[in-house]
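>>> Model the following, please.
(2 chains)
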Amino acid sequence: MIDENQRQFLQFEQPIKDLFEQMSETKKLANKNTKLNLDKTIQEIQDAIVEKRKELTFNITPWQRVQLSRHPDRPYTLKYISLMFENFVELYGDRNFKDDKAMVGGFAQLNGQTVMVIGQQKGINTKTRQFRNFGMPNPEGYRKALRLMKLAEKFNKPIVTLIDTPGAYPGLEAEERGQGEAIARNIYEMTHLKVPIIVVIIGEGASGGALGIGVGDKVLMLENTWYSVISPESCSSILWRSWDKKELAAEQLKLTAQDMKSFRLVDEIVPEPHGGAHWDYNEAANNLKNFITRNLKELKKIQPNELVQKRIEKYCSMGFWEE
Amino acid sequence: MKQNDTKDPNGLDIYNDSSETNKIQVKSKWFNRASKGILTSTSEKKDTPEGFWNKCPKCNLISTSEVLKENLHVCPKCSYHHRIGSLEYYEILFDNGPEYLFDNIKSHDKLNFVDLKPYKTRLDEIHKSKPNIKDSIRIAVGDVSGERLVIGCMDFEFIGGSLGSVMGEKFSKAVDYCIFHKIPFFVICKSGGARMMESAFSLMQLAKTSGKLFQLSEAKLPFITLLTDPTFGGISASFGMLGDLNLAEPEALIGFAGPRVIKETIKKDLPEGFQKSEFLLEHGFIDFIVNRKDLKHKIALLIKIFKN
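Presented below is the predicted three-dimensional model:
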């Protein structure tokens, strides 16, 4: 669980930060002067914090949503795995080149039933962020994911993928080893794997890097996440030829969970704790676990061939044009 | 001229004159010709239509459009492959004029996307200035050395050949057509990637086209791609790299991330030849490189090989 004294705050979370500081001052005072009973005051501040958290996610711009999805305290893939599943057995390597630390996966059990769980992994401090390459997989990451998905298909286990990536790594070696091909191959194979696939955007869903493990029968988005063809920053730099239009780009790209749901590009929105998943890991994981459990139950009723057909039809219905 | 010296020899205060044209007129008096130098009358001038001369970006050879066209838009000296559009490729490949398919499917602006100008305006402008190009991909069916073939070809002039809903839908319909008529599918790629103005809708076209390719594969029909300069992003991360055979034109730039982004990320200069066709061939991602002059012959041969 997150250490309440180590919390980090975004700029627009300043009102909450102020309340936190107020509370720690009050607590200090209470410790110093044992005659003073400040329990009521502390309770009031705590209530105010909850109120502020509610308020914040109510009135929030798309760009702030993007910021929340990148919140340094936000739970990442391995955190969700440890809170939602039992008996996680992590599996490494793509059997060709190496093990990509930005992509994790393995067998795990959900309410006693085996699933294959795969996702991008970010680090929680400077050292681990570098180790995880900031959640940006190389081709071997996608190939590792594909190996695990094929393994799941062979033993008829459903697949759950957790997406949280600022994009596939745009590096020199990534190109040498075929970043495009690796993502293309995954997308292609995922369209017709004969087991149920549930995809969850738990943080950032940036473009091909996300879709490389993101084709599924059900696609869920957590409340404070984004999913788009390009990050708002890169979009701003390309279309506006400036890095300063990211807020505007975030609006124009319609990348929030609400937008994506209204376009029927994702199926459901998973609510987060007030203020964002970083306020309560257990609550966030529990919500998600319920959504996955329910969807998995429904998907397991469908025959494999029908599943594949429906999946392809679903993606074929996406798009808009005039005739 | 010094900043405080605002008088010209004619004594006119040129810097206080607000009109730009006046300034030039007044200034030009200074070096007026005594008599006219060029005496050729305009009627005697040779008529040179727009775009008559072409300069090769690689070797600077200047050749006429006619010569270039005869040479299939390949530089006669250095064999540089000039960028061409779908109609030029069709002329090179098809024996006779092909039949165009699904030309009536048009882009529209569902998201009301506005960057420097609205997406709708962008579309209207292209439709007006280039009525010949319907969208970023054109689909046609016809005979290539007697072999029936559906060819999808991208037009880079249409928003950088970007992959949007229309390309996805035309691709999808083309696959259905191929399956129904039992014809192989050949796609010529030339694109900067997914179309940002359609946001996540364009991203989903990667999955849509890949799903259709699975159906084509189930029907045991060949899918061949030709990657030309440039092929990036969403195309290389979907059907561009999913051919039973992936071919490329010489020296085409092909990759997932653009060179500028990579350079910014790794903060190093990129090696020569990076992301060129030859580089991809060396790293095992394309089957072979084909010169445009051999393209028709090679494609027809491949179709025959798959058939017999």
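
>>> which element is the closest residue in space to B:L253 that isn't next to it in sequence on?
Closest residue in space to B:L253, ignoring its immediate chain neighbours: B:P230 at 4.5 Å, by C-beta to C-beta, 6 or more residues apart in numbering or on different chains. Any C-beta I mention is one placed from the backbone N, CA and C, and that applies to glycine too. Counting by DSSP states H and E, the element that carries B:P230 is strand B:223-231.

>>> ok, back up a step: count the neighbours of the residue nearest to B:L253 for me.
24 (other C-beta atoms under 10 Å in any protein chain shown).

>>> what's near enough to touch it?
By C-beta atoms under 8 Å, 6 or more residues apart in numbering or on different chains, the contact set of B:P230 is B:156, B:190-192, B:252-254.

>>> My guess is A:S207 contacts A:I163. True?
No. A:S207 is beyond contact range of A:I163, at 11.0 Å (criterion: C-beta atoms under 8 Å).

>>> Would you map the helices across the stretch 201-323 of chain A?
A:207-211, A:232-239, A:246-252, A:257-262, A:281-299, A:304-316 (DSSP state H, counting those that start in this stretch).

>>> ok now the third one, how far from the chain's centre?
Pointing back at helix A:246-252 there. 20 Å (C-alpha atoms, centre = their mean, to the nearest Å).

>>> Just confirm yes or no for it near chain B.
Yes. For helix A:246-252, a contact with chain B is found by C-beta under 8 Å from any C-beta of the partner chain, at A:249, A:252.

>>> Show me which positions of that helix end up buried.
A:246, A:248-252 (16 or more other C-beta atoms under 10 Å in any protein chain shown).

>>> which helices and strands does the helix or strand harbouring A:V200 pack with?
Assigned by DSSP H and E, A:V200 falls within strand A:197-206. Counting contacts by 3 or more C-beta pairs under 8 Å, 6 or more residues apart in numbering or on different chains; DSSP states H and E, strand A:197-206 packs against helix A:62-69, strand A:159-165, strand A:218-222, strand A:226-228, helix A:281-299.

>>> Including distance to chain B and mean pLDDT, could these go into TSV?
Shown next, in TSV, are the helices and strands packed on strand A:197-206 (distance: least, C-beta to the nearest C-beta, whole Å; pLDDT from 0 to 100):
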stretch	distance to chain B	mean pLDDT
helix A:62-69	11	96
strand A:159-165	12	98
strand A:218-222	10	98
strand A:226-228	5	97
helix A:281-299	17	97
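
>>> Quick check: can you list the domain ranges of chain B?
For chain B, automatic domain parsing gives the domain ranges B:17-82, B:84-307.

>>> Quickly, which of those bottoms out on average pLDDT?
Lowest mean pLDDT within the domains of chain B: domain B:17-82, a mean of 73.

>>> who's in contact with A:C316?
Residues near A:C316 by C-beta under 8 Å, 6+ apart: B:172, B:208, B:211-212.

>>> and chain A, which of these reach it?
Okay, of the contacts of A:C316 touching chain A (C-beta under 8 Å from any C-beta), that's B:172, B:208, B:211-212.

>>> residues contacting the residue sitting nearest the centre point of chain A?
In chain A, the centroid-proximal residue (C-alpha atoms, centre = their mean) is A:I202; its distance is 1.7 Å. A:I202 is in contact with A:75-77, A:80, A:119, A:162-164, A:222, A:225, A:277, A:288, counting by C-beta under 8 Å, 6+ apart.

>>> which of the contacts of B:P230 lies closest to A:S317?
Relative to A:S317, the closest of the contacts of B:P230 is B:S191; by C-beta to C-beta it sits at 23.1 Å.

>>> In this structure the closest one contacts B:S136, no?
Yes. At 6.8 Å, B:S191 and B:S136 qualify as touching, with contact defined as C-beta under 8 Å.

>>> can you list residues touching both of those two?
Contacts common to B:S191 and B:S136, judged by C-beta under 8 Å, 6+ apart, are B:154, B:160-163.

>>> Break chain A down into its domains, please.
Per automatic domain parsing, the structural domains of chain A span A:13-59, A:66-316.

>>> Now the terminal residues of the first one, how far apart.
Translated: domain A:13-59. The straight-line separation of the ends of domain A:13-59 (C-alpha to C-alpha, to the nearest Å) is 12 Å.

>>> Buried residues, stretch A:47-58. List them.
A:48-49, A:52-53, A:56-57.

>>> Columns neighbour count on top of the contacts of A:I202, output as a markdown table?
What follows is the contacts of A:I202, written out as a markdown table (neighbours: other C-beta atoms under 10 Å in any protein chain shown):
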| residue | neighbour count |
| --- | --- |
| A:P75 | 26 |
| A:Y76 | 21 |
| A:T77 | 26 |
| A:Y80 | 25 |
| A:G119 | 27 |
| A:L162 | 29 |
| A:I163 | 29 |
| A:D164 | 26 |
| A:L222 | 29 |
| A:T225 | 30 |
| A:A277 | 29 |
| A:L288 | 24 |
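
>>> on that earlier part again, most neighbours, which of the ones next to chain A among the contacts of A:C316?
Using other C-beta under 10 Å as the neighbour test, the ones next to chain A among the contacts of A:C316 are led by B:K208, with 29 neighbours.

>>> Can you dump the C-alpha atoms of the helix or strand hosting that residue in PDB for me?
When elements are defined using DSSP H and E, B:K208 is found to belong to helix B:199-218. The C-alpha coordinates for helix B:199-218 follow below in PDB (Å, rounded to 0.1, in the frame of the first residue of the first chain):
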ATOM      1  CA  SER B 199      -7.900   9.400 -33.600                       C
ATOM      2  CA  ALA B 200      -8.700   6.000 -32.100                       C
ATOM      3  CA  PHE B 201     -10.900   5.200 -35.100                       C
ATOM      4  CA  SER B 202      -7.800   5.100 -37.300                       C
ATOM      5  CA  LEU B 203      -5.900   3.000 -34.700                       C
ATOM      6  CA  MET B 204      -8.700   0.400 -34.800                       C
ATOM      7  CA  GLN B 205      -8.200   0.000 -38.600                       C
ATOM      8  CA  LEU B 206      -5.000  -1.900 -37.700                       C
ATOM      9  CA  ALA B 207      -7.100  -4.500 -36.100                       C
ATOM     10  CA  LYS B 208      -9.800  -4.400 -38.700                       C
ATOM     11  CA  THR B 209      -7.500  -4.900 -41.700                       C
ATOM     12  CA  SER B 210      -5.600  -7.600 -39.800                       C
ATOM     13  CA  GLY B 211      -8.800  -9.500 -39.000                       C
ATOM     14  CA  LYS B 212      -9.700  -9.300 -42.700                       C
ATOM     15  CA  LEU B 213      -6.300 -10.700 -43.700                       C
ATOM     16  CA  PHE B 214      -7.000 -13.700 -41.500                       C
ATOM     17  CA  GLN B 215     -10.100 -14.300 -43.600                       C
ATOM     18  CA  LEU B 216      -8.100 -14.000 -46.800                       C
ATOM     19  CA  SER B 217      -5.600 -16.400 -45.400                       C
ATOM     20  CA  GLU B 218      -8.300 -18.900 -44.500                       C
END
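
>>> could you list every residue that touches A:L288?
For A:L288, the contact set (C-beta under 8 Å, 6+ apart) comprises A:80, A:84, A:200, A:202, A:220, A:222, A:270.

>>> mind redoing it with 7 Å?
The neighbours of A:L288, taking C-beta atoms under 7 Å, 6 or more residues apart in numbering or on different chains as the test, are A:80, A:84, A:200, A:270.

>>> Buried deepest among the helices of the stretch 201-323 of chain A, which one?
When you average the neighbours per residue for each of the helices of the stretch 201-323 of chain A (mean count of other C-beta atoms under 10 Å in any protein chain shown), helix A:207-211 leads with a mean of 29.

>>> Include secondary structure, neighbour count and distance to A:E25 when you put the contacts of B:P230 into CSV, please.
As requested, these are exported to CSV (DSSP: H, G, I helix; E, B strand; the rest coil; neighbours: other C-beta atoms under 10 Å in any protein chain shown; distance: C-beta to C-beta, whole Å):
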residue, secondary structure, neighbour count, distance to A:E25
B:F156, coil, 20, 62
B:K190, strand, 28, 64
B:S191, strand, 28, 58
B:G192, coil, 21, 55
B:A252, coil, 23, 65
B:L253, strand, 18, 60
B:I254, strand, 27, 60
